[in-house]
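Undergrad: Just to be clear, the model below is a prediction. Sequence and coordinates:
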Amino acid sequence: MGTSIQVVFDCLDPDRIARFWAEVLGYRLQPPPEGHASWEEFLRSIGVPEAEWNDASAIIDPDGGGPRIYFQRVETPKSGKNRVHLDVNAGGRGPEEERRRLVDAAVERLVGLGAAKLRLVERPHERWVVMEDPEGNEFCVQ
């Protein structure tokens, strides 16, 4: 029996951060349980107060290969460096100039989605961009 994992983000606004990461990763919002047209309909049917509807969200890989990513509301903002972060491989495995072009284009797209570019790191045979999502969670684009 294989082991599956889920990545969990603590955040202030699960819906916003789930939608951001779905765009970044090519994921989609997890659909509501069968028999319900929307999450709101489902949550209402089980008696969850409307004030709690954005307590969590999740995104899934449409191809089924990547982990489910779960976003849960916490009351406190992020206050230090992440102990774990995601690396987004936007450059692929082609020639160096092509990888640079793809990474730069991805960074610009992600800034347009609400990410912030923190710094470019260049080392011999390595190059990546350190970024933050809209709530300050660091991630790298390589």
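TA: Nice, I can see it. Numbering: from 1, shown residues only.

Undergrad: Tell me the buried residues in stretch 60-68?
TA: Ile60 (16 or more other C-beta atoms under 10 Å). Glycine gets a C-beta too; all of them are placed from N, C-alpha and C.

Undergrad: what about that stretch, average pLDDT?
TA: The pLDDT scores in stretch 60-68 average 95.

Undergrad: Can you give me the domain assignment for the chain?
TA: 6-73, 86-141 (automatic domain parsing).

Undergrad: Show the contacting residues for Ile60.
TA: Applying C-beta atoms under 8 Å, 6 or more residues apart in numbering to Ile60 gives the contacts 27-28, 30, 66, 68-69.

Undergrad: Among those residues, which ones are in strands?
TA: Secondary structure from DSSP state E places 28, 68-69 of these in strands.

Undergrad: just these now: which is nearest Ser4?
TA: Within the ones in strands among the contacts of Ile60, the smallest distance to Ser4 is 8.1 Å, found for Arg68 (C-beta to C-beta).

Undergrad: Do a quick rundown of the strands in this structure.
TA: Taking DSSP E, the strands of the chain run over residues 6-11, 28-29, 56-60, 68-73, 86-88, 116-123, 126-132, 138-141.

Undergrad: what number of residues lie near the residue lying closest to Glu75 once chain neighbours are set aside?
TA: With sequence-adjacent residues excluded and distances taken as C-beta to C-beta, 6 or more residues apart in numbering, Glu75 is closest to Leu12, at 8.0 Å. Residues contacting Leu12 under the criterion other C-beta atoms under 10 Å number 16.

Undergrad: Leu12 contacts Pro77, correct?
TA: Yes - between Leu12 and Pro77 a contact is recorded at 6.3 Å, counting by C-beta atoms under 8 Å.

Undergrad: Of all residues in the protein, which one is nearest the centre?
TA: Computing the C-alpha centroid of the chain and ranking residues by C-alpha atoms, centre = their mean puts Trp21 first, at 2.6 Å.
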